[in-house]
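> Could you look at this predicted model? Sequence included:
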Amino acid sequence: MGQEGPSVRVVVGADAELAREGVIRCLAEADGVEVVSAVRDLGHLPAYVRGHDADVLLVAPSPERAEDPNLVGRLVEELRQAGSNAPVVVLGYRSDAAIARRALHAGASGYVLVWQSVRDLVEALQLAVRGRLYISARLGVEIARIDEDDHDGLTEREVEVARLAALGYSNSQIGQELFLSTRTIESHRSNLTRKLGVEDRRGLVSWAIEHQMIP
């Protein structure tokens, strides 16, 4: 790639062995970056980075763990507590603007999808070291739309379900109100839990009040 200057030193943390080894091989053939170490479990990353001098941390949570809305924020906080100020770039499996937005808002310096090019990944790592954010143009547009709506990536139907649930309606009552089956409402409630990170009505009430949906 013709990158001049010293290589960016990268520590890779990935739950899946194939993902970890694949990233290491791709970066080994790229100019401008150097993988100095790899971690098998993201949970061990905060303790591991104490003994490794990295410019940037590349984390690739499994698809299941990536659904945790608090994962990146918790990881960034633990890394800072461990004394690491290295920026964090997330390698994601899903082109989900809500997940990417949460990662960036939680302190990640970049969000790269697994099917993007190695060149894109290297660019994200290099930008992170320079204190700049990286997001693909497509996801950037989708995130901007979310920020404009200020509904945390919820669909119009999910917003209405969240409002009624916050008001104390049961799933069957919400279904009757919106002319939908209880099973469909349960699916919307599951999406709300994933996207907002709230497990109960109390969390939905707080979210609805914050967004001025209920008094």
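Sure, I can see it. What you see is a predicted model; the values in this text were computed from it and never measured. Residues are numbered from 1 along each chain as shown.

> Go through this protein and flag its longest helix.
For the chain, the helix that runs over the most residues, judged by DSSP state H, is helix 182-196.

> Show me what that one is in contact with.
Helix 182-196 is contacted by residues 67, 69, 98, 152-154, 157-158, 161-162, 165, 171-172, 174-175, 178, 198-199, 203-204, 207 when judged by Cβ atoms under 8 Å, 6 or more residues apart in numbering. Quick note: C-beta positions are derived from backbone N, CA and C, even for glycine.

> one more time with 6 Å, if that's ok
Outside helix 182-196, the residues within contact range by Cβ atoms under 6 Å, 6 or more residues apart in numbering are 67, 98, 152-153, 158, 161-162, 171-172, 174-175, 207.

> Please pick the buried ones from those residues.
By neighbour count, with 16 or more other Cβ atoms under 10 Å, those hold 67, 98, 152-153, 158, 161-162, 171, 174-175, 207 as buried.

> Would you state the predicted confidence (pLDDT) at the closest residue to E34 other than its chain neighbours?
Nearest in space to E34, with sequence neighbours left out and distances taken as Cβ to Cβ, 6 or more residues apart in numbering, is S7 at 4.1 Å. pLDDT for S7: 87.

> before we move on, what about D68?
For D68, the pLDDT comes out at 75.

> try L113
As summarised for this prediction, L113 has a pLDDT of 92.

> Kindly state the beta-bridge partners for it.
Counting by DSSP bridges, L113 forms beta bridges with G92.

> middle-most residue in this protein, spatially?
Centroid check for the chain by Cα atoms, centre = their mean gives A103 as the closest residue, at 3.4 Å.

> Could you say which helix or strand holds it?
Assigning secondary structure by DSSP states H and E places A103 in helix 97-105.

> That helix to helix 182-196, inter-axis angle?
Here the directions of helix 97-105 and helix 182-196 differ by 20 degrees (axes from the mean of the first three to the mean of the last three Cα atoms, to 10 degrees).

> For T182, see how far away the residue lying farthest from the centre of the chain is.
When distances are taken from the C-alpha mean of the chain, Q176 lies farthest, 34.4 Å away, according to Cα atoms, centre = their mean. According to Cβ to Cβ, to the nearest Å, Q176 and T182 sit 9 Å apart.

> that older thread, kindly provide the distance from the residue nearest to the centre of the chain to L204.
Taking Cβ to Cβ, one finds A103 at 22 Å from L204.

> cool, and N70?
16 Å.

> quick one, which of those two is more surrounded?
Neighbours were counted for N70 and for L204 using other Cβ atoms under 10 Å; L204 has more, 25 against 11.

> shouldn't that one be in contact with L167?
No. Between L204 and L167 there is no contact under Cβ atoms under 6 Å: 9.2 Å.

> if we can go back for a sec, mind picking the one among the buried ones among the contacts of helix 182-196 that's closest to G22?
E67 (21.3 Å; Cβ to Cβ).

> Report the contact partners of the closest one.
Neighbouring residues of E67 by Cβ under 6 Å, 6+ apart: R194.
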